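*Asks:* next input, structure requested:
(2 chains)
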Amino acid sequence: MGIEKKREAGLLGVAALFVLVNGVAFCLVDDDWGHLRPLAVWLLAMGGMMGVLWRRVDDGRPGRDPYLLPVYGLLTGWGVLLQARLAPAFIGRHTLWVAIGTILLTCLLLFPRPLAWLGRFRYSLLLGGLILLGMTLIFGQNPTGYGAALWLPVPLLDIWFQPSELLKLLLILFFASYFAERERQISYSSAHGLLAALPWLAPLGLMWGFCVVLLVWQRDLGAATIFFALFVSMLYMANGRVRYVAAGGGLLLTAGVIGYFAFDVVALRVEAWANPWPDFNDRAFQIVQSLYAIAAGGVLGTGIGQGYPTFIPVVHSDFVFAAIAEEWGLIGALTIVVCFGVLAQRGFRAAVAAVTPFATYVISGITVLFAIQALLIMGGVTKLLPLTGVTLPFVSYGGSALLTNCVMLGLLMKMTNDE
Amino acid sequence: MSQIGWEVPEDRAEQKSYEDETELRGRLFFLRLAVVSVLGFLLTYVVWIQQTQGDVLTDEAQANRFAIQTSNAARGVIFDSEGRPLAENIPRFNVTIIPANLPDDDNDRQAVFERLSLLTGVPVTNTVQQQALVEAADSAEVAEAERLADLYGARRQETLDLAEIVEDLPDSIEEIVDTFSFLPFSPAVITSGVPITLARVIDQETVFMPGVDVVPEPIRNYPNGGYTSHIIGFMGPLPDQSYRERGYAPDDRVGLFGLESSMESFLKGEKGQRQIEVDAIGQELRQVGSVTEPTAGYNLHLTIDARLQQQTHLILEDWMERKRNSPSFLKYPEVEQGVVVAMNPKNGEILALVNVPTFDNNRFATEIDVQYYLQLARNDYQPLLNNAIAGQYPPGSVFKLVTGAGALQEGIVTPNRRLNTPGEILIQNRFAPNDPGRSQRFVCWIWNSFFYNEEGELERGEHGALNMYRAVAESCDIYFYKVTGGFSQDGEFVDALDIDRLGPYAREFGFGDTQGIELPAEAPGLIPSREWLSTNLALQWATGDNYNASIGQGYVTTTPLQIAQMAAVVANGGFLYQPTIIDHFSDAENNVVVFDDNDRAIVAKPGADGIPILSDTSGNPIDPATVDVTINFDEEGNYIRPPEILNTVSVDRDNLQVIAEGMRQANDEGGTAGRIGRTIAGEDGPELSPWLDSYGIETAGKTGTAEYCDNIAQRRGWCAQTADQLQPTHAWYVGYAPYDDPEIVVAAFIFNGGEGSAWAGPIAYQVMQAYFDIDSFGVGEPTLER
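*Replies:* Okay, the predicted model is just below:
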């Protein structure tokens, strides 16, 4: 066993210990040992994955990053625990999604061949993504009967699928392939004046338009922001021009301002962000309750099961971070932030180490995506940013997001070593 | 070999040079820096929220520990002239639950619900029973109703209840708490109006039922209910958001109708405030900070006498019922609306203001009963309107008092000049003066009465030659046609008073404008003019219009209050007083409160030698010299309200005296109201003098029978279609007593009531009897005290 393997095993042990101790604590507080069942499933999935991975014969290729899987383990385990605490009704489904996600992740890591061929189908991927989007625009529904219609019912099974999650992955692959092939051309043209850069401004405008469509048709503020920020950062990687980032930021702000005046949803969110107190009993109820929860936590938190995070409506999906800040306090909140910091750091490191340009773009895109999502929702919950309906990767409830995130983490780890 | 990322494996260094070429490494580094610094910022921000903002937000979050408790001010009580309460405050107890203070443990919570359910009788849950009811019902009907409910986005349960398929069981405790769980710190009312004994039991047990609370709530009680509902009005929830800006809380109630509405700012008082600290289950621990005590609203002391008001109401209903039982009822078979106004002609104080149909304002005391409200609102005869001041009706012959006074003052006739008054007169057509077929016919009411003459032949009635006294007494239409429209036929010449001169006199008597009584929604009525007619209807004022206006028909409309005002002017010798229903205000200690021109409240107490002692609301003395209103008390310390004169009419006293004498003769044998005593006694009853003369009280009055054709009559097809047919009529009477020193004016009106002399006159007669406390006013002693 090499030093990396030992480090990985040790960290995973710490994560498992944390989750189990909290699980037992919760069972004691709630006087119901049934809460250990989903944790057992999680433990089994993690154990199974590590067992398979560690058993694998060392084929001489470089090993895994020893920090990513422990972070994955801690986040998903914490997520399962939180769902048991906050939304007992959804715990079965959530556990199932975690198990399936872990299996998908394992399969990707074990996939024997390089994944460079993904880049060859970039237009098919784009087309698939657009079709998905189109279907959502036309057939989209909301399982609760009201709110943004972002889901597609999956035939035969009683489940709902959120295409925008998969769309994120498809777009990353498309951009990566596109930029990897043309990066020199890009660097050249963007260095030679506006006219030569026009072919580059055009896609920028196109992408912006695409996001505005998302915003207009679906009122999905979060997805639109993520897609656009993702695109801008990947474009920056391709041509290295800060002015594109600046232009992108300007466009994002413009879209936000238009949204503010054109759509009540956006205006409400912005107003609730700027000053939630006048409307604390109504529209700003969620954010105010979230602030109360965070403040109530203190340094050490109230302890699992002993706070009142359920006063926050839909705490189990968008507002898990507030629940963590209340029941695990500042320590818990810092742990989550650090986890995503580590994820981002290791991701970028992997991007640098990647062999092919395609892999570099894919990995850095995925890393940026994780970082943006975590940032948007944590910032939203703490009233640093206007609230956007984004999930906290690996922790929040949501099957489509969880599966996509698992696949993306798998790709990130797998493609580092692809030739 | 097993490391990733730290270093590029040596054997692959050559292949990877593209990163350096394209500066990709640097850009990645930049991105990395960006992500790390943003995450770092987020980290600092979270620390800041918890450590710095923590205290502030913890205070906010623990708002349940410190609560501002506002205490409602006692609303002013409304008294009648004898000090009987007409609107008072009685407590009502509500049982509430604050969801956030309920126990967290499900079993404990259930125990609280079950105990509360046992005490209040509100079921803990009724999902099962509701389900059972739905299953018991016709499944096809249920499915259809549910489909429709879904289609229109309505609540299924409500729809089923409305469709009378499945009864919607009353809300259970769990349901109510569930509905309010989104506002966990707002009290959810479980049941309201529990008896005080139960309220005390629950209040004691709240220690063992965290979250449960008993909240006393004052509600308005109206001891006289429907008898005074048009005067007192009622209260209700805030009708719009503008009240929030004026300092009302969302669950406050405000006056919406009657005095409760128009006197809202005086009645409501000032809320008190205090900050309290509460424990985890919401029980008050102690008070912190300063306390503002609530200031009670001002009490109102009305000029209305509740006893007279109630008797008047019964008298009016009695005569409306008698009219319904009369043979003539069959032609226009509805008598649903009537008004009586009784006032003091010497100061404008309203003694009784009665409207039929009425409504029970106690049914609006806690919440608006929608079914009841709609039933009232849809009634053609408008029970929710104060028709005494808001109803605008043609006055008919009672208006002749104004015409007569004007004609005398303008010298059109002298009091004793006799005019020839046949049953009908013709106005020649201006363009065809010699074609009798095109002349306009104007008849006297008596022309339609038929008599057997000495030869036993049927003959139309007519008045013969009349002077002003008899014209008023016998209410001769032709006489007033002639003095208003002018007449020059058969050697008789009468100058025309004309609308140009009649109109201003009518306005002086109070017509055509609101009188400024302290009740909302007063109507002005209408006195037409040439300009009005050409502007509004694009018509030329013609002689016929003068004829109609002279007897209060045509375009003239008035309110019953204005009719009473007119008679008061005749009775008091020419003064139009501001009609009032409020004698004075008083504060919580029952001291008289007067408001000066700047709305400053002055507390007045009767002093030793007739000089009132004045102070402001905090008890600081006020120098009487700085007060610009007169404040007087009588010997017994009762406040004397200074009457306010709106206007002095420009008719000489002598001329008004002629009209008054005419009115006296009207109430005597041979006058239009000369048979009221007989009507009341019945044909077989005892011999009664025409009016109250046998009790030593001389009276004066005027009858009116006003033709109308308004929306109500048109919808029912009552309006005359041809010239030969008769229109439906309102019954009017206005009179005063005693004749030489008037104390009371009574105006009585019955919508579609037929002859004024037959149906409105007797009402005024009996109201005067009631006022002078003369026995046998026929309806028995009303029950005033509860």
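*Asks:* can we go C-alpha only for contacts and neighbour counts from here?
*Replies:* Will do.
*Asks:* which non-adjacent residue is nearest B:N221?
*Replies:* B:E88 (5.3 Å; CA to CA, 6 or more residues apart in numbering or on different chains).
*Asks:* I figured B:E146 was touching B:L160, is that so?
*Replies:* Yes: shown here, B:E146 and B:L160 form a contact pair, counting by CA atoms under 8 Å, at 7.4 Å.
*Asks:* in what helix or strand does residue 25 lie?
*Replies:* Using chain A. Element membership for A:A25 (DSSP states H and E) is helix A:3-30.
*Asks:* correction: the question concerned chain B.
*Replies:* With the criterion set as DSSP H and E, the secondary-structure element containing B:R25 is helix B:24-48.
*Asks:* how near is the closest residue to B:V767 other than its chain neighbours to B:V340?
*Replies:* The spatial neighbour of B:V767 that comes closest, neighbours along the chain excluded (CA to CA, 6+ apart), is B:T312 at 5.7 Å. When CA to CA, to the nearest Å is the yardstick, B:T312 and B:V340 sit 7 Å from each other.
*Asks:* residues shared between the contacts of the two?
*Replies:* Residues touching both B:T312 and B:V340 comprise B:352, B:354, with contact defined as CA atoms under 8 Å, 6 or more residues apart in numbering or on different chains.
*Asks:* output the below-cut-off pLDDT ranges for the stretch 551-700 of chain B.
*Replies:* Judged against pLDDT under 70, the low-scoring parts of the stretch 551-700 of chain B cover residues B:610, B:683, B:685-688.
*Asks:* can you name the element that comes right after the helix or strand of chain A with the lowest mean pLDDT?
*Replies:* Lowest mean confidence among the helices and strands of chain A (mean pLDDT, DSSP states H and E): helix A:193-218, at a mean of 66. Toward the C-terminal end, the helix or strand that comes next after helix A:193-218 (DSSP H and E) is helix A:221-239.
*Asks:* just give me how far that following helix sits from the chain centre.
*Replies:* Between the centre of helix A:221-239 and the centre of its host chain there is 14 Å, according to CA atoms, centre = their mean, to the nearest Å.
*Asks:* just the angle for that helix relative to helix B:24-48, thanks.
*Replies:* Helix A:221-239 and helix B:24-48 meet at an angle of 150 degrees, taking axes from the mean of the first three to the mean of the last three CA atoms, to 10 degrees as the criterion.
*Asks:* I'd say A:L104 and A:V407 touch.
*Replies:* Yes: in terms of CA under 8 Å, A:L104 counts as a neighbour of A:V407; the distance is 6.6 Å.
*Asks:* more neighbours: the two, which one.
*Replies:* Set A:L104 next to A:V407 and count neighbours by other CA atoms under 10 Å in any protein chain shown: A:V407 wins out with 23 against 18.
*Asks:* just the pLDDT for that one.
*Replies:* A:V407 is assigned a pLDDT of 93 by the prediction.
*Asks:* quick check: which element contains it?
*Replies:* In the assignment (DSSP H and E), A:V407 maps to helix A:399-415.
*Asks:* quick one: contacts of that helix?
*Replies:* A:64-65, A:93-94, A:97-98, A:100-102, A:104-106, A:108-109, A:114-115, A:161-163, A:165-166, A:169, A:347, A:350, A:354, A:359, A:362-363, A:366-367, A:391, A:393-394.
*Asks:* which members of these are positioned in strands?
*Replies:* The strands, defined by DSSP state E, take in A:F161 from these.
*Asks:* would you write a ChimeraX line that selects the buried entries of the contacts of helix A:399-415?
*Replies:* Under the burial definition 16 or more other CA atoms under 10 Å in any protein chain shown, those of the contacts of helix A:399-415 that qualify are selected in ChimeraX by:
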select /A:64,65,93,94,97,98,100,101,102,104,105,106,108,109,115,161,162,163,165,166,169,347,350,354,359,362,363,366,367,391,393,394
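*Asks:* just the contacts of helix A:399-415: which are in helices?
*Replies:* With DSSP state H as the criterion, helices contain A:93-94, A:97-98, A:100-102, A:104-106, A:108-109, A:163, A:165-166, A:169, A:347, A:350, A:359, A:362-363, A:366-367 from among the contacts of helix A:399-415.
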